[in-house]
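Student: Would you be able to build a 3D model of this:
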Amino acid sequence: MNDRYLSVDQVAELLGTTVRFPRRLIEERRIRYVKVGRHVRIPESALRDYLASRTVEPLRRPRSRFGRAAA
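Tutor: Numbers count the residues shown, from 1 in each chain. Predicted coordinates:
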């Protein structure tokens with residue numbers, strides 16, 4: 001229970017989006033959340049997991065032995 005619980009407004013600010021985006025993630029159950037009465041809180045670990053699962057690593061192209069062709 002060391003996890004910090006963030007409000008929807010805090011998550012939106014961290015992601016740099018409007019409040020609508022985290023609310024949609026909650027509605028579509030694409031992120032873990034906790035309901036405390038009528039309040040919705042998102043654990044910090046759930047936000048980290050969500051971002052990690054959607055991180056796209058860059059492709060590494062093999063270097064050409066010959067370089068560029070002359071024009």
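Student: okay, now the nearest residue to V19 once chain neighbours are set aside: neighbour count?
Tutor: Spatial nearest neighbour of V19, chain neighbours left out: A12 (4.6 Å); criterion: Cβ to Cβ, 6 or more residues apart in numbering. All C-beta spots, glycine's among them, are computed from the backbone N, C-alpha and C. The local packing of A12 (other Cβ atoms under 10 Å) involves 17 other residues.
Student: any idea how far A12 lies from T18?
Tutor: From A12 over to T18 the distance is 6 Å, taken as Cβ to Cβ, to the nearest Å.
Student: again, but for R54
Tutor: R54 is 18 Å from T18, by Cβ to Cβ.
Student: Quick check: the gap between A52 and P62.
Tutor: 27 Å.
Student: again with R23
Tutor: Counting by Cβ to Cβ - R23 and P62 are separated by 44 Å.
Student: higher neighbour count, those two?
Tutor: Between R23 and P62, R23 has the larger neighbour count (other Cβ under 10 Å), namely 14 against 5.
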